[in-house]
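# Here's a sequence, model it:
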Amino acid sequence: MTLLREEIAEYDKNKAKQVPNDILQIMDQATRYLKEKNIENKAIRTNDIAPEFNLLNHENESKSLKQYLEKSLVVLSFYRGGWCPYCNMELHALQELLPDIEKAGARLLAISPEVPDHSLSTHINNKLTFDILYDKGNAVAKEFGLVFELPEVLKPIYDNFGLDIQGHNGDDTFKLPIPATYIINQRGQVLYDFVDADYTKRSEPREIIDILNKINS
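As a prediction, this is how the structure comes out:
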């Protein structure tokens, strides 16, 4: 089975052939800007207590973190939206290894600011069998210290790509979560974190499983 990082590397190679170099440079510059702002330093990290939340899932059912933690550890993945190819690759990779995640004693959840109609489409298109939770206005992502404003220089580029972030999020902002993954124990403590302002970098699902197995050993 292909690793997620390998799939991303192949996508990046193809993207470099299809997207003009000046556009790629602007996108890379925007990522460096976010990294230099150290926005990752505001995020919830390992050994912190995860903020409690209650959100609607893709089927419009109310779900709380406490409710999930009653039965198992939780693997919590924040993603930008179904319009993001890197997010879709990550979700698909997590779905492929979902049986192993569950066997290792965890429940997998994903959180996005996408409105329910779009999150349902993401759920169907990626053939997901785990919950996607609707984080209206990035309220929970903000509690986790993950929210940022899309740099102005990227807005016309995203528009040219046909990416309607405001439409997907159902508001007039360009706020998004930094992609992040957490493992949370039943006391609400974060046992693992992956937070990177570079949206092309994602936690490797196989490594998540290895960590879960170590936790339970």
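# CA atoms for contacts and neighbours, from now on please.
Will do.
# Next up, identify which helix or strand residue 14 is on.
helix 4-18 (DSSP states H and E).
# And the contacts of that helix?
The contact list for helix 4-18 (C-alpha atoms under 8 Å, 6 or more residues apart in numbering) reads 24, 86, 89-90, 93, 200-202, 204-205.
# Quickly name whichever of those is closest to residue 107.
Checking the contacts of helix 4-18 against residue 107 by C-alpha to C-alpha gives residue 205 as the nearest, at 13.3 Å.
# what about that closest one, distance to residue 75?
Residue 205 sits 10 Å away from residue 75, going by C-alpha to C-alpha, to the nearest Å.
# for residue 187, same thing?
Relative to residue 75, and taking C-alpha to C-alpha, residue 187 is found at 14 Å.
# List phi and psi for residue 75.
Dihedral pair for residue 75: phi -100, psi 120, per degrees, to the nearest 10.
# neighbours around it, how many?
Using other C-alpha atoms under 10 Å, residue 75 has 24 neighbouring residues.
# Equivalent analysis for the one 10 residues further on, please.
Other residues within reach of residue 85, judged by other C-alpha under 10 Å, total 14.
# any low-confidence regions in the protein?
1 (pLDDT under 70).
# So which residues of it form strands?
Using DSSP state E, the strands of the chain run over 54-57, 62-64, 73-78, 106-112, 131-134, 147-149, 175-177, 180-184, 190-195.
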